[in-house]
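**Student:** pasted the sequence and its predicted model underneath.
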Amino acid sequence: MSEKILIVGAAGQIGSELTEKLRSIYGTYNVIASDINSNNESLVKSGPFQIIDAKNYDELKNCITGHNINTVYLMAAMLSASAEKNPMSAWELNMGSLFHVLNLAKDGFINKVFWPSSIAVFGPSTPKVNTPQQTIMEPTTVYGISKLTGERWCEYYYQKFGVDVRSLRYPGIISYKTLPGGGTTDYAIDIFHKAISEQKFECFLNAESTLPMMYMDDAIDATIKLMQTNKDAVSLRSSYNLAAISFNPEELANSIKKYIPEFEIQYKPDFRQDIANSWPNSIDDSFARNDWNWQYRYNLDSITKEMINGLKATFQNQQPL
Ligand code: AKB
């Protein structure tokens, strides 16, 4: 059967690049982008777009039945830092939208679902280095609690109702095309914007906060690879650990200094430091490697180059490195 895809939360950091990639694979008119508003002009103009509030079951169902959608990528979510400030809204969005989509799959309106989880499912009692797929999980953030709960529901809907739901525990995702919003790993994007515009950056995490990170192209590849994998090879229906590289703000700043020597960083940790402290330093993703041959491509130096070149070309028409 040919793919007819709905992306919910398509204007977000991952959603926007996922939309572009899926359209290049399946055809523009087979991929409907949706978001809660039409503020992202380039997304709205780039192909079929519909305003959908992910918390509204009827809006989701009408779009799915109206366009004969068979696959949904549910990318709408409130991230870690924002969720700490708005716990109930985060819970309603992160859980409500997932239940709607899982129920639409259970009731036969769609065949396949992608739902992103996060390294936020882990907590301070989790082993920090090379965090295994199955381990102690006691998240201390609202976002992490919603993602771990969501993972359990995904597995439940697969076991009880045969819902073909697939998920990845994304690390921090680095990209230059669309800004992220409300995450703890967002410093690793903001630092590039400030390095180019002001040659200095005040970091809300301390120098030693090592976190798992990944370039956007790798994250998109992993997502599509998992969704294209034969159903029988998907051995995990909660969510797969997914890894590329790990670095801390000081290592990132040193990588940037190779290309912008005058760049300076200062550290002023805020409430997001506690969130970062509760997350792993590095992730063991051997299930993803074994089940569907996952392999990342971008290291710290290639990410730095891509980010600086991408931002210079986008915002300033400057000479690439
Ligand atoms: C966040 O920082 O909240 C996200 C995540 C790691 O899921 N980028």
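**Tutor:** Received it, and whenever you're ready, just let me know what you need.

**Student:** lowest average confidence, helix or strand, in this structure?
**Tutor:** Least confident helix or strand of the chain, by mean pLDDT, DSSP states H and E, is helix 41-45 with a mean of 93.

**Student:** so who does D186 touch?
**Tutor:** 79, 81, 172, 180 (CB atoms under 8 Å, 6 or more residues apart in numbering). In short, each C-beta sits where N, CA and C put it, glycine included.

**Student:** going by neighbour count, list what's buried in the strand or helix carrying the second one.
**Tutor:** It stands for A81. Secondary structure from DSSP states H and E places A81 in helix 80-85. Residues of helix 80-85 classed as buried: 80-84 (neighbour count, 16 or more other CB atoms under 10 Å).

**Student:** neighbours around F192, how many?
**Tutor:** If you count neighbours by other CB atoms under 10 Å, F192 ends up with 24.

**Student:** surely it forms part of a strand?
**Tutor:** No. Counting by DSSP: H, G, I helix; E, B strand; the rest coil, F192 falls outside a strand, being helix.

**Student:** related to what we said a few turns ago, so which of the contacts of D186 would you say is closest to K160?
**Tutor:** For the contacts of D186, the closest approach to K160 (CB to CB) belongs to L79, at 29.3 Å.

**Student:** tell me where the protein has helices.
**Tutor:** Secondary structure of the chain by DSSP state H: the helices cover 13-26, 41-45, 57-66, 80-85, 87-106, 142-161, 187-197, 216-228, 249-257, 272-277, 286-292, 300-311.

**Student:** out of those, nearest to the ligand?
**Tutor:** helix 80-85 (3.2 Å; CB to the nearest ligand atom).

**Student:** what's the closest one in contact with?
**Tutor:** 90, 94, 118, 120, 141-144, 146, 181-184, 186, 271-272, 275.

**Student:** and stretch 257-275, does that touch the ligand?
**Tutor:** No. Contact between stretch 257-275 and the ligand is absent, the nearest approach being 7.5 Å (criterion: CB under 6 Å from any ligand atom).

**Student:** buried by neighbour count: which residues of that stretch qualify?
**Tutor:** Within stretch 257-275, the residues that count as buried by 16+ other CB under 10 Å are 259-260, 263, 265, 267, 269, 272-273, 275.

**Student:** can you add pLDDT and give these back as a markdown table?
**Tutor:** Formatted as a markdown table, these follow (pLDDT from 0 to 100):
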| residue | pLDDT |
| --- | --- |
| Y259 | 97 |
| I260 | 97 |
| F263 | 98 |
| I265 | 98 |
| Y267 | 98 |
| P269 | 98 |
| R272 | 98 |
| Q273 | 98 |
| I275 | 98 |
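
**Student:** next, format these as JSON lines and append distance to N206.
**Tutor:** Below are the buried residues of stretch 257-275 laid out as JSON lines (distance: CB to CB, whole Å):
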{"residue": "Y259", "distance to N206": "24"}
{"residue": "I260", "distance to N206": "22"}
{"residue": "F263", "distance to N206": "18"}
{"residue": "I265", "distance to N206": "11"}
{"residue": "Y267", "distance to N206": "5"}
{"residue": "P269", "distance to N206": "5"}
{"residue": "R272", "distance to N206": "10"}
{"residue": "Q273", "distance to N206": "6"}
{"residue": "I275", "distance to N206": "13"}
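
**Student:** quick check, nearest of the residues you listed to A105?
**Tutor:** I275 (31.2 Å).

**Student:** so how far is stretch 2-21 off the chain centroid?
**Tutor:** Offset of stretch 2-21 from its chain centre (CA atoms, centre = their mean, to the nearest Å): 12 Å.

**Student:** now do the buried residues in it.
**Tutor:** Of all the residues in stretch 2-21, those buried under the rule 16+ other CB under 10 Å are 3-21.
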